[in-house]
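In: Here is my input; please provide its structure:
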Amino acid sequence: MSRTVAVTGATGYIGGRLVPRLLDAGHRVRVLTRDSSKLRDVPWGHDVEVVTGSLDDAGAAAELCDGADVVYYLVHSMGAHAGEDFSARERACARTLSAAALAAGVSRIVYLSGLNPGTRLSRHLASRTEVGRILKQSGVPTAVLQAGLVIGSGSASFEMVRHLTDVLPVMPAPRWVLNRVQPIAVRDALHYLEAAADLPGHVNQDFDIGGPDVLTYADMMRGYARAAGLREPLILALPVLTPWLAAQWVNLVTPIPRMLAIPLVESLQNDCVVREHSIDAYIPRPEGGLTGYQRAVELALGKIAQGEVETTWAGSSALDAPSDPLPSDPDWSGGTVYTDLRTETSSAPAERLWDVVEGVGGENGWYSFPLAWAVRGWIDKLVGGVGLRRGRRNPHRLQLGEALDWWRVEALEPGRLLRLRAEMRVPGRAWLEMTVEPRGEGSAYSQRAVFVPHGLAGRLYWLAVLPFHGVIFRGMASRIAAAAEASSAARPADRTPLKETHS
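Out: So this is what the prediction gives:
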């Protein structure tokens with residue numbers, strides 16, 4: 001039956017996968033987003049109705065709910081910054097949505113929460129539990145689906161397991177690495193979310209959902225190693241690693257930034273398993289049964305290998321960087337502005353040069369002084385930033401608004417312009433802009449780094465890194481042009497960018 005379905009968190013990891021499923025089922029979908037430009041390059045972006053705003057705004061919430069039959073509440077503050085009263089904000093947002101849904105006559109709210117161990121809830125899990133309580137008391141029948149670790153390509157839980165196992169053959173770990181967890185494949189979580197819209201009208205309760213396997217976190221790492229063809233790591237459970245220390249370790253070793261590592265680690269302090277199975281009375285299990293952990297890992301690795309990662313944790317709007325949001329301003333007007341401009345000509349056609357430009361970052365690298373980029377990434381991780389290891393969703397193509405290592409794609413005009421906004425921690429605001437223009441049978445490449453300093457610290461920072469810019473940005477421009485020429489000469493009909501092969 002076709003419905004009007006409203007979705008909050010549509011640009012997040014789960015929401016970005018749920019929306020196309022709802023559209024395929026024939027529903028009319030309306031989404032709420034703070035920045036509608038983030039949907040420009042999303043495959044389903046033109047198939048949904050967009051409400052611009054946030055759940056802080058009662059007017060936006062009312063517009064979202066107006067005429068909707070079902071509302072999906074998929075927002076949370078996993079990436080809340082230290083010192084922020086995220087729980088108060090989450091309660092306020094839940095109350096705003098509840099009031100709007102009740103006034104609009106919405107028949108069902110579906111909320112994705114976390115598995116509740118019953119005692120010693122982490123700050124974030126306690127807040128999500130409170131949000132569920134508020135929604136259930138809204139007067140609108142609410143289904144709270146409580147899931148543990150979600151395993152899928154690009155999920156934070158999977159990326160944490162993946163990188164810890166890839167990097168560390170011997171891993172000193174906190175004692176909670178032996179706690180039991182019940183992960184769920186992202187495809188199964190989406191199955192339950194989609195089906196929850198059809199629950200009977202009287203249902204207003206929590207439901208635990210999980211996969212078929214109950215494992216320790218150590219088992220998950222060993223299982224990942226088997227699926228990836230790696231030697232199983234030796235895991236040493238130590239009593240001295242506190243949750244805070246463990247979060248710092250995860251921050252340094254994996255792409256997961258500290259602000260997300262802390263709530264993830266906190267959620268592992270207790271057993272996190274399904275305690276009740278009432279969902280089975282209302283929603284049948286997926287055809288073929290629930291996906292086992294090993295199979296979920298194999299599917300995720302396959303998506304990564306094929307460059308078909310649909311959404312990632314790094315694209316979530318819950319992970320606002322210190323510089324976010326920033327204006328798109330090609331004139332860089334106002335205040336002190338430092339720039340580094342480089343230009344190159346290339347004998348390669350503009351199309352080939354653009355392929356190289358759009359393929360920068362991730363496994364393809366940045367075409368200059370890889371060690372310097374890596375060191376800067378480690379420094380950023382040490383100070384709580386996102387670091388340089390978030391990679392990219394697809395090895396060859398970008399989307400407006402997606403994360404690219406420590407950058408965010410702020411402007412994208414295919415074939416001509418790529419502008420990246422920095423999300424590393426710096427005393428100011430920074431951009432990297434790359435443009436391509438046809439020049440006869442060849443092309444012209446222009447590269448501009450822009451830095452708007454904050455106070456004296458920002459000015460001193462620019463002066464400190466200026467000598468390195470001369471090496472890094474000059475080399476980057478020349479090697480991008482050269483890579484386009486080499487690619488064009490070697491494979492004129494192949495549009496796959498070259499990987500970075502220089503040292």
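
In: which SS class is the closest residue to Leu102 other than its chain neighbours?
Out: Leaving aside its sequence neighbours, Leu102 sits nearest to Gly139 (CB to CB, 6 or more residues apart in numbering; 4.7 Å). (C-beta placed from N, C-alpha, C; glycine too.) Under the three-state scheme (DSSP: H, G, I helix; E, B strand; the rest coil), Gly139 adopts coil.

In: What separation is there between the nearest residue to Gly132 once chain neighbours are set aside and Leu55?
Out: Nearest non-adjacent residue to Gly132, counting by CB to CB, 6+ apart: Val144, 4.1 Å away. Distance, Val144 to Leu55, by CB to CB, to the nearest Å: 17 Å.

In: hang on, Leu417 packs against Glu410?
Out: No: the criterion here is CB atoms under 8 Å, and Leu417 misses it with Glu410 at 10.4 Å.

In: Partner strands of the helix or strand containing Ala6 and their direction?
Out: Here Ala6, judged by DSSP states H and E, is contained in strand 4-8. Partners of strand 4-8 in the sheet, by DSSP bridges, are strand 28-33 (parallel), strand 70-73 (parallel).

In: helix or strand right after the last one?
Out: Tracing the chain past strand 70-73, the next element assigned as helix or strand by DSSP H and E is helix 86-104.

In: list the buried ones in that following helix?
Out: Residues of helix 86-104 classed as buried: 86-87, 90-91, 93-101, 104 (neighbour count, 16 or more other CB atoms under 10 Å).

In: next one: stretch 121-135
Out: Across stretch 121-135, burial judged by 16+ other CB under 10 Å covers Leu121, Ser122, His124, Leu125, Ser127, Arg128, Thr129, Glu130, Val131, Gly132, Ile134, Leu135.

In: is it true that the second one touches Leu264?
Out: No: contact criterion CB under 8 Å: Ser122 and Leu264 do not qualify, at 9.5 Å.

In: Quick one: the strands in the stretch 101-250 of the chain, in order.
Out: For the stretch 101-250 of the chain, applying DSSP state E, counting those that start in this stretch gives strands covering 108-114, 142-147, 150-151, 170-174, 180-181, 184-185, 205-209, 215-216, 234-238.

In: Tally up the residues packed near the residue nearest to Leu102, please.
Out: Gly139 is flanked by 13 other residues according to other CB atoms under 10 Å.

In: do you know how far it is from Arg416?
Out: 52 Å.

In: residues touching the nearest residue to Thr312 once chain neighbours are set aside, list them.
Out: What sits nearest to Thr312 in space, not counting adjacent residues and going by CB to CB, 6+ apart, is Gly154, at 3.4 Å. Taking CB atoms under 8 Å, 6 or more residues apart in numbering, we find Gly154 in contact with Tyr13, Ala300, Val309, Glu310, Thr311, Thr312, Trp313, Ala314, Arg393.

In: mind redoing it with 7 Å?
Out: Tyr13, Val309, Thr311, Thr312, Trp313 (CB atoms under 7 Å, 6 or more residues apart in numbering).

In: Same question for Ile256.
Out: Neighbouring residues of Ile256 by CB under 7 Å, 6+ apart: Ala156, Glu159, Met160, Val250, Leu264.

In: Need the per-residue pLDDT for it.
Out: Listed pLDDT for Ile256 reads 76.

In: Surely it is within a strand?
Out: No: assessed with three-state DSSP, Ile256 is coil; it does not lie in a strand.

In: And it, how far from Arg222?
Out: From Ile256 to Arg222 the distance is 20 Å (CB to CB).

In: cool, and Ala189?
Out: According to CB to CB, Ala189 and Arg222 sit 23 Å apart.

In: Domain map for the chain?
Out: Taking automatic domain parsing as the domain assignment, the ranges for the chain are 4-315, 338-490.

In: what about the last one, start to end distance?
Out: Think domain 338-490. Across domain 338-490, the terminal residues are separated by 38 Å (CA to CA, to the nearest Å).

In: mean confidence score for it?
Out: Across domain 338-490, pLDDT averages out at 89.

In: Report the distance from that domain to the chain centre.
Out: Mean C-alpha position of domain 338-490 versus that of the full chain (CA atoms, centre = their mean, to the nearest Å) differs by 20 Å.

In: secondary structure element for Arg429?
Out: For Arg429, the element it lies in under DSSP H and E is strand 428-439.

In: Quick check: buried residues in that strand?
Out: Neighbour-count burial for strand 428-439 [16+ other CB under 10 Å]: Gly428, Arg429, Ala430, Trp431, Leu432, Glu433, Met434, Thr435, Val436.

In: Most widely separated two among those?
Out: Gly428 and Val436 (27.1 Å; CB to CB).

In: burial count for the residue nearest to Ser346 when sequence neighbours are not counted?
Out: For Ser346, ignoring the flanking residues on the chain, the nearest one in space by CB to CB, 6+ apart is Ala481 at 4.1 Å. Residues near Ala481, counting by other CB under 10 Å, number 25.

In: for Arg416, what are its contacts?
Out: Neighbouring residues of Arg416 by CB under 7 Å, 6+ apart: Thr435, Val436.
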